[in-house]
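Trainee: Predicted model follows, preceded by the sequence.
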Amino acid sequence: MDESNDKENEFGDSFLEDSGDITRTTEDEDEAPLEPRFKYERLEGESTLPFMKTATFTSIDLHDKFIAIGTASGLIYILDHHGYGNFDSVPPLKPHRCAVSKLKFDETGSYILSCANDSKLVVSGIGNDKLCCTVNIQVMPKSICFSPDFIRQQSGHCFIMGERNLVLYEKRLFQYKASNLYSGSERDGFIHCCSWNDNLIAFTNDTGTRVYERGTEKILTSVQPTHDVDRVRSSRCPPKHMWMSENTLVIGWADTVTVLKIKGNEGMRKGEIHHIFHVSMFISGISYLPKNGSDYELFLVGLQMEGEDFDDCASVMSTMTTLTAMESSATATLKTCVIRPLGLKDYELQSEDEIVNIRLSTHTLPYMIHGLGIPYLSTYFILTTKQIIMAVPYGPEDGIKWRLQYKLYTEAFEMAKEHADMLAKTDVSPKKVGRKIIEGYLESKKARVAASWLSSICGDCKEEWEWAVDRFHDAKMSTLLGDVLPDSKPRLDPSAYEKVLLASLFNNVKLFRRLVQTWSPDLYMTSTIIDQTQWRIQQISKSEDIEDVEEVEKILMDALAHLYLYERKYESALKILMICQDFQIFNVIDKHQLFDLVKDQISDLMNINSERALRLLLDNADSVEPSFVMAKINGQPKLQLAYLTKLMSRNEGIEFADKAVQLYADHEKKKLLPFLKKNVNYNVTKARKLCSDRGFVEETIFLLAKSGNHYEAVKMMVREYKNIEKVIAYCKDQNDRDLWIHLLEVVADFPTHFSQLIIEASNCLDPILIMDKLPDDVDIPNLSEALEKLLTDFTNYVELQQCCYDSTLNDLHVLTNNLMLASDKSVSVSLMTRCSLCSQVIMNTGQDMIPRKFNDIKVFKCGHIFHLTCSASEIDRRQMIEDGICIACSDNSDHVNV
């Protein structure tokens, strides 16, 4: 009993597994979040720079080649995009004595403009000091920007500074000259952001964003803020600018994104707002992701403050100061999102990430966070007071890992296949992703879904299929592989198929039988499976816990029979099939020519299926005599009858014709008459006596007629049928005058039928004879009408005979006259007439066309002419043509006769 339990534990599969859909669309029930578009990494060179651990970062700017980072100590560090700095070639800059509030590269990356609360504007060179300068001012600048052509000769080397006024600084001979482009009042607030694109300068203060055009020296447009600037102060949540192609300005301010496009030619330009919408965070940085054509997506960096709506968050920001923030319980979360503008106020959120591994202090406000990007390089950076984070776009490897994490297996596998060459040596190659999918479903108790994936994941790879078999075996779900395991291309090791077969043997016997019947025996060791099947049958027969023991045992016996056939143990296989009464035994006998092994069990085969057994007997007629078969099934008359029917349909078994008559009479009376009509090998006398004793009227009449006793047949028909029509039809078929007379005598006892008989017999008998047979002193219904029709038909018959006689005489007269006319006609013989036999002319002539010699000729009325000598010699040769008959006409007659 312990051995039984061990085997069941080894191969047992759980039938209480998931009942979910087998389709691949089955995923995790929880809706997956939006797929991230970026992954966030520390700079590679961060660990090589000691200042990164101690410095407090206050500002940042990007160039295609550099990153400039301003610190609270007034230093500016120049690093590459990976965070490495060569301080020997480009040492840290020290332009200020306090925290650097703003930084800005020129377009070539040769100079960097910085400002701080020390009331200085400093242009510092990076490997170049020609245009370096320091401008002392009377105010603390809030924003700065280079002109696009700062480094170009004779451009004026301009830059702008924003405080309450927007001031343009233009280099003169020895110093910079300042000129106001815009003058603001105290209620207008400070200009916290300014930007320069081509000849357009955008700047933002508390009253909104304005666009100033150089050349015309006027403000083109103004965009009012849509949030409460008193509650969300620009000092805590400063605005952000970003210029895109076609003079498109994106403004991110508080929780609002505005897309403004400048249209028209110089001097007639105007601004149009294309999009304006609100987001669920306070914006700290803005960039974009270029797409094909004019389509684009915006990349936003910001803080999500504590509170359920904008008003709550704004209240926190408006009341928080540097001192109170230390004691405040308000928290902020750093977030990024990618949005695609749709309509004026609508957008589609493409992704949204919460960067949880960034350490933010409790008093962090939006102005302390900076987000910048270089879109065409797909490079984006996020700066906090202590960390620099690079936002790297998701690659195929990252996308696959994210999909696997949220159990989006279909999308993960499709992506792995799409980038198979790139990912071949990674942890997310199609092979490894496929394995993770299978393991994920198995761990989720969705083994059926896992099995449905195998053909796509494993394909033609033998190694993968064998791994999957082992994995399902460990999970005790091997029976699910029965429908998906390949039997060729690839062909697996025998142990793989044996695991599935043995699991089915102990858990799903119907599947086990089907696999044994469909799988080639070359796939596995049949001897091993036979031993296990025998052991399992013995175990089931002793067990009391299994329902439907007989059915299960029968299924396993059937499978065992097929296994014996594979081992060529035909006697054992036939024995099992015979016990199970399996219809497949006939196919086995036919396929392997095993009739000699079962010919002594004919009756058992008949009990399984008499039709197939009879066909088997007839196909092997050379191996068994009909007498042997009849003796074997002697106690089963219906089987005997079926056998004889098949046998005689092949014109065999004529010695059993009388036996067949008896069997038909006993068991298939409807088929007796057709058999009597078709077969001629039975004894008519015995058959007639049998039918007569049984009271079979139709059969007896047929046998009387067949034996030539028509009188008795007619008499029996009249007495039994009492239907004169059948009797009349029978007499018409025989066409015997004496039979009609006999019928008149018999029908005399049945006056009701005599009138109809008179009418039918009038065409076969002389009316006088019919009149003589009329019974005396008997009332015959409708006699006068019958006699009237009899006489009328006879009169018509006589008249028809006379007409035929007269017509014959007329035809004879015409033919005779035509013959006489033809005989009176002459036959023309000319100089060119030729003999119909030798084809020579009848008369020989000279050159003067005068006959020289005239031979004896024979002329017939048909027009044929012969030389007498030719005719005589031909008659002598043939010896069959009478003299006086045309030889040519005789030949034509012979051809026609042929």
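Mentor: Received the coordinates, thanks.

Trainee: contacts and neighbour counts: CA atoms only from here.
Mentor: Fine.

Trainee: And the pLDDT at Phe750?
Mentor: pLDDT, Phe750: 61.

Trainee: Would you map out the domains in the protein?
Mentor: Following the TED database, the chain resolves into domains at 38-394, 399-609, 830-891.

Trainee: Any idea which of those has the lowest pLDDT on average?
Mentor: domain 830-891 (a mean of 74).

Trainee: From the chain's centroid, how far away is that domain?
Mentor: 91 Å (CA atoms, centre = their mean, to the nearest Å).

Trainee: could we number from 57 for the rest of this?
Mentor: Yes, from this point I'll number from 57; that puts the last item at domain 886-947.

Trainee: burial measure for the residue nearest to Val191 when sequence neighbours are not counted, as a count.
Mentor: The shortest distance from Val191 to any non-neighbouring residue, by CA to CA, 6 or more residues apart in numbering, is to Leu177 (4.9 Å). Neighbours of Leu177 under the rule other CA atoms under 10 Å: 25.

Trainee: Quickly find the element holding Asp714.
Mentor: helix 713-723 (DSSP states H and E).

Trainee: residue contacts, Ser166?
Mentor: 181-184 (CA atoms under 8 Å, 6 or more residues apart in numbering).

Trainee: 10 Å instead, please
Mentor: 119, 180-185, 187, 207 (CA atoms under 10 Å, 6 or more residues apart in numbering).

Trainee: In TSV, list the domains of the chain along with distance to Val717.
Mentor: Listed next are the domains of the chain as TSV, based on distance: least, CA to CA, whole Å:
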stretch	distance to Val717
domain 94-450	91
domain 455-665	21
domain 886-947	58
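
Trainee: For Arg750, find the nearest of those domains.
Mentor: domain 455-665 (29.2 Å; CA to CA).

Trainee: Just checking the distance from the helix holding Asp714 to the centre of its chain.
Mentor: 58 Å.

Trainee: cool, stretch 529-548 as well?
Mentor: 22 Å.

Trainee: Can you give me the neighbour number for the closest residue to Tyr238 other than its chain neighbours?
Mentor: Among residues not flanking Tyr238 along the chain, Leu222 sits closest, at 5.0 Å (CA to CA, 6+ apart). Leu222 has 24 neighbours, counted by other CA under 10 Å.

Trainee: Pairing partners for Leu222 in the sheet, please.
Mentor: For Leu222, the beta-bridge partners under DSSP bridges are Gly218, Tyr238.

Trainee: Thought Ser251 was touching it, still the case?
Mentor: No: Leu222 is beyond contact range of Ser251, at 11.2 Å (criterion: CA atoms under 10 Å).

Trainee: Show me the common contact partners of the two, please.
Mentor: Contacts common to Leu222 and Ser251, judged by CA under 10 Å, 6+ apart, are 199-200, 216, 257, 259-260.

Trainee: Show me these that map onto strands.
Mentor: 199-200, 216, 257, 259-260 (DSSP state E).

Trainee: so which of the residues you listed comes closest to Thr440?
Mentor: Ser199 (18.8 Å).

Trainee: what's around the closest one, how many residues?
Mentor: Ser199, neighbours per other CA under 10 Å, totals 25.

Trainee: which residues sit in contact with it?
Mentor: 157-160, 170-172, 216-219, 222, 246-251, 259-260.

Trainee: cool, Glu97 as well?
Mentor: 413, 437, 444-448.

Trainee: and with 7 Å instead?
Mentor: With contact set as CA atoms under 7 Å, 6 or more residues apart in numbering, Glu97 has these partners: 445-447.

Trainee: Okay, and the beta partners of it?
Mentor: Met446.

Trainee: same question, Ile430
Mentor: Applying DSSP bridges, one finds that Ile430 bridges with Thr435.

Trainee: Nearest residue to Lys518 in space, please, no chain neighbours.
Mentor: Per CA to CA, 6+ apart, closest to Lys518 is Pro546, 5.5 Å.

Trainee: Please apply the same query to Val306.
Mentor: That would be Val315: by CA to CA, 6+ apart, it lies 4.6 Å from Val306.

Trainee: does that neighbour belong to a helix or a strand, and which?
Mentor: strand 312-319.

Trainee: Which neighbouring elements make contact with the helix or strand hosting Val556?
Mentor: Assessed by DSSP H and E, Val556 sits inside helix 550-563. Using 3 or more CA pairs under 7 Å, 6 or more residues apart in numbering; DSSP states H and E, the elements in contact with helix 550-563 are helix 58-67, helix 565-574.

Trainee: ok and it relative to helix 565-574, angle-wise?
Mentor: With axes from the mean of the first three to the mean of the last three CA atoms, to 10 degrees as the basis, helix 550-563 and helix 565-574 are set at 140 degrees to each other.
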